[in-house]
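Peer 1: structure for the following, please:
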Amino acid sequence: MKRYVAAIDQGTTSTRCMLFDRLGGVVAADQREHRQIFPQPGWVEHDPEELWHATQAVVTGALARARLGPEDVAAVGLTNQRETTLLWDRKRGVPLHHALVWQDTRTAALCHQLMGAEGKDRFRAQTGLPIATYFSAPKLRWLLDTIPGAREAAEAGELAFGTIDTWLAWQLTGGVEGGLHITDVTNASRTLLMDLATEEWDDGLLAAFDLPRALLPTIMPSSWLYGECRTLLPGVPLAGILGDQHAATVGQACYQQGEAKNTYGTGNFMLLNTGSQPVPSQHGLITTPGYRFGTEATVWTLEGSIAVTGSLIQWLRDNLGIIRSAAESESLARQVSDNGGVYFVPAFSGLFAPYWRADARGVLVGMSRYTNKAHIARAALEATAYQTREVAEAMAQDAGVPLQALKVDGGMVGNDLLMQFQADILGVPVVRPKVAETTALGAAYAAGLAVGYWEDLGAMRRNWQMDRTWEPSMSVDQRESLFARWKRAVTRTFEWVD
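Peer 2: Below is the predicted model:
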């Protein structure tokens, strides 16, 4: 019996590989950061070749740390930054351009054009999504319209489109030597090209975006025996693919209707399990598949997507230089007892849920001569909690059920100051699991389920264990006063760009 399941977690700022045992425990891990490429204001790119090289390095590194080989791995699952879009040559295996990252806003004018008289909700009933720079279809259209000869090659079937899961799955299963051109239902749902009713690519949507069907991968379940790896992990079944936030939902064992999780990463993403039927949002959320395992019906979720949370702390480090590491943000923020009246709304890529304002840009307000870098660090951390409350309130309105507690995961949940403030500003307990990196765990669960390593959802649920809970301690008056000032600060970001 092979002893472990591997997960490749290709995120916005880094790539990692983690090996898990049957109890969901971490056996070994390796991680590499990659470049963030900013050719112009609002443009964000990644080098797809660099992402593949990082993937090779972390898989090799994790196996070496555990003194294991591919023969010890029962299956591998993939999870990935969603919406990030790339285009490559099928025969040569070469990307035609850097990948356009989900945060990229260069398609704002195109999105406005596509809205027409119907506005940003033109395709919402069919796709669950507003028209926004966030999603893949406008990015793909930009690539075809910009790269000389790309449209003609795409129509001839010479090019392949994919989000990062598709690129890595193709590479793992052979690349130019017969690699699989596939994606899963969760990633496909983030393109603006998948019909929620059929869970397939839609010709009407393709026509609206002027995109050829020949480019598109095959949509598959999130847990399935897709095929064996031919590179890097030869002979190991590739058996799970999930967008990162869907993977975290699986890793947090949110398998019942009404269960929710919030991931604190580059951005924040809260997902609420709504059961076997998609729930249309009336309050700025996204209707999206949570996961589809094997031949079972899709489990649906409502999602609140926040563009900038952890990346704001990275910005404090890399752009302002007021901290040397992300961990220093907490110690710096603790040098002051409150934010000193300072609010930081990080609308670097516009505002996502619940506003969907591409015209917004970041603001730092409420400063005086009293303000110092500790207040700015505290305001940056608090921004994550305020944005999460906005999404939680929208979710309660759509679902008709108030939040009772919040399961949290991701890199920022090790920040005790932030977690306590999150509980305070929400007014509900915040619960952290023992395995905080639940994104990778969810991908491992999907892969392990497909090969029988875990027998069912119950076996995976039994692995979930609480590490710590933060209880709210702030008075209602203080909570509402702070949040009201945050809402005022948000309005200052509007209509900053045309």
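
Peer 1: list the contacts of residue 107.
Peer 2: Contact analysis of residue 107 by CB atoms under 8 Å, 6 or more residues apart in numbering lists 133, 138-139, 141-142. C-beta coordinates here come from the backbone N, C-alpha and C atoms, glycine included.

Peer 1: next one: residue 57
Peer 2: 30, 32.

Peer 1: and the contacts of residue 107 as a markdown table, adding secondary structure, neighbour count and pLDDT?
Peer 2: Output for the contacts of residue 107, formatted as a markdown table (DSSP: H, G, I helix; E, B strand; the rest coil; neighbours: other CB atoms under 10 Å; pLDDT from 0 to 100):
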| residue | secondary structure | neighbour count | pLDDT |
| --- | --- | --- | --- |
| 133 | coil | 26 | 91 |
| 138 | helix | 26 | 96 |
| 139 | helix | 28 | 97 |
| 141 | helix | 21 | 97 |
| 142 | helix | 19 | 97 |
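
Peer 1: who's in contact with stretch 32-41?
Peer 2: Contacts of stretch 32-41 (CB under 8 Å, 6+ apart): 13-16, 44-47, 50-51, 54, 57-58, 98, 101, 106.

Peer 1: can you list the buried residues in that stretch?
Peer 2: Neighbour counts using 16 or more other CB atoms under 10 Å place 32, 34, 36 of stretch 32-41 among the buried residues.

Peer 1: again with stretch 463-480
Peer 2: Quick answer for stretch 463-480 (16+ other CB under 10 Å): 463-464, 470, 472, 474, 479.

Peer 1: now swap in stretch 53-68 and tell me
Peer 2: Buried-residue list, stretch 53-68, by 16+ other CB under 10 Å: 54-56, 58-59, 61-63, 66, 68.

Peer 1: can you pull out the low-pLDDT segments for this structure?
Peer 2: 1 (pLDDT under 70).

Peer 1: show me what secondary structure element comes after the top helix by length along it.
Peer 2: As assigned by DSSP state H, the longest helix anywhere in the chain is helix 373-399. The C-terminal neighbour of helix 373-399 among helices and strands, as given by DSSP states H and E, is strand 406-409.

Peer 1: list the buried residues of stretch 433-451.
Peer 2: Across stretch 433-451, burial judged by 16+ other CB under 10 Å covers 433, 435-451.

Peer 1: nope, stretch 91-110 is what I meant
Peer 2: 93, 95-108, 110.

Peer 1: on that earlier part again, can I get the contacts of residue 107 in CSV with distance to residue 117?
Peer 2: Formatted as CSV, these follow (distance: CB to CB, whole Å):
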residue, distance to residue 117
133, 20
138, 18
139, 24
141, 20
142, 23
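
Peer 1: which of those sits closest to residue 127?
Peer 2: Minimum distance to residue 127 across these is 12.7 Å, recorded for residue 138 (CB to CB).

Peer 1: quick one: that closest one and residue 144, what's the gap?
Peer 2: Look at residue 138 and residue 144: by CB to CB, to the nearest Å, they are 11 Å apart.

Peer 1: coming back round to it: which members of the buried residues of stretch 91-110 occur in helices, if any?
Peer 2: Those of those lying in helices (DSSP H): 108, 110.

Peer 1: contacts for the helix or strand harbouring residue 168 next, please.
Peer 2: Residue 168 is part of helix 164-172 when elements are defined by DSSP H and E. By CB under 8 Å, 6+ apart, the residues outside helix 164-172 that reach it are 8, 10, 48, 51-52, 55, 76, 78-81, 84, 86, 88, 99, 160, 162, 179-184, 187, 217, 226, 229-233, 238, 241, 243.

Peer 1: output it in PDB with nothing but the alpha carbons.
Peer 2: Extracted in PDB, the C-alpha atoms of helix 164-172 (Å, rounded to 0.1, in the frame of the first residue of the first chain):
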ATOM      1  CA  ILE A 164      -2.600  27.400 -14.100                       C
ATOM      2  CA  ASP A 165      -4.100  24.000 -13.300                       C
ATOM      3  CA  THR A 166      -4.400  23.200 -17.000                       C
ATOM      4  CA  TRP A 167      -0.800  24.300 -17.700                       C
ATOM      5  CA  LEU A 168       0.500  22.100 -14.900                       C
ATOM      6  CA  ALA A 169      -1.700  19.100 -15.700                       C
ATOM      7  CA  TRP A 170      -0.600  19.300 -19.300                       C
ATOM      8  CA  GLN A 171       3.100  19.400 -18.300                       C
ATOM      9  CA  LEU A 172       2.800  16.600 -15.700                       C
END
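
Peer 1: what is the helix or strand following it packed up against?
Peer 2: In the C-terminal direction, the helix or strand that comes right after helix 164-172 (DSSP H and E) is strand 182-184. The contact analysis (3 or more CB pairs under 8 Å, 6 or more residues apart in numbering; DSSP states H and E) places strand 182-184 against helix 164-172, strand 218-220, strand 237-243.

Peer 1: can you pull out the helices in the stretch 151-300 of the chain?
Peer 2: 164-172, 185-188, 203-209, 244-251 (DSSP state H, counting those that start in this stretch).

Peer 1: including distance to residue 387 and mean neighbour count, could those helices go into JSON lines?
Peer 2: Formatted as JSON lines, the helices of the stretch 151-300 of the chain follow (distance: least, CB to CB, whole Å; neighbours: other CB atoms under 10 Å):
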{"stretch": "helix 164-172", "distance to residue 387": "24", "mean neighbour count": "27"}
{"stretch": "helix 185-188", "distance to residue 387": "22", "mean neighbour count": "28"}
{"stretch": "helix 203-209", "distance to residue 387": "29", "mean neighbour count": "15"}
{"stretch": "helix 244-251", "distance to residue 387": "15", "mean neighbour count": "31"}
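
Peer 1: looking at the ones you listed, which is closest to residue 26?
Peer 2: helix 244-251 (11.8 Å).

Peer 1: tell me what angle the closest one forms with strand 237-243.
Peer 2: 110 degrees (axes from the mean of the first three to the mean of the last three CA atoms, to 10 degrees).

Peer 1: Three-state assignment for the residue of the chain positioned farthest from its centre, please.
Peer 2: Here the chain reaches farthest from its C-alpha mean at residue 369, the gap being 37.9 Å by CA atoms, centre = their mean. Each residue gets one of three states, and residue 369 gets coil by DSSP: H, G, I helix; E, B strand; the rest coil.

Peer 1: so it versus residue 375, what's the distance?
Peer 2: Residue 369 sits 12 Å away from residue 375 when distances are taken as CB to CB.
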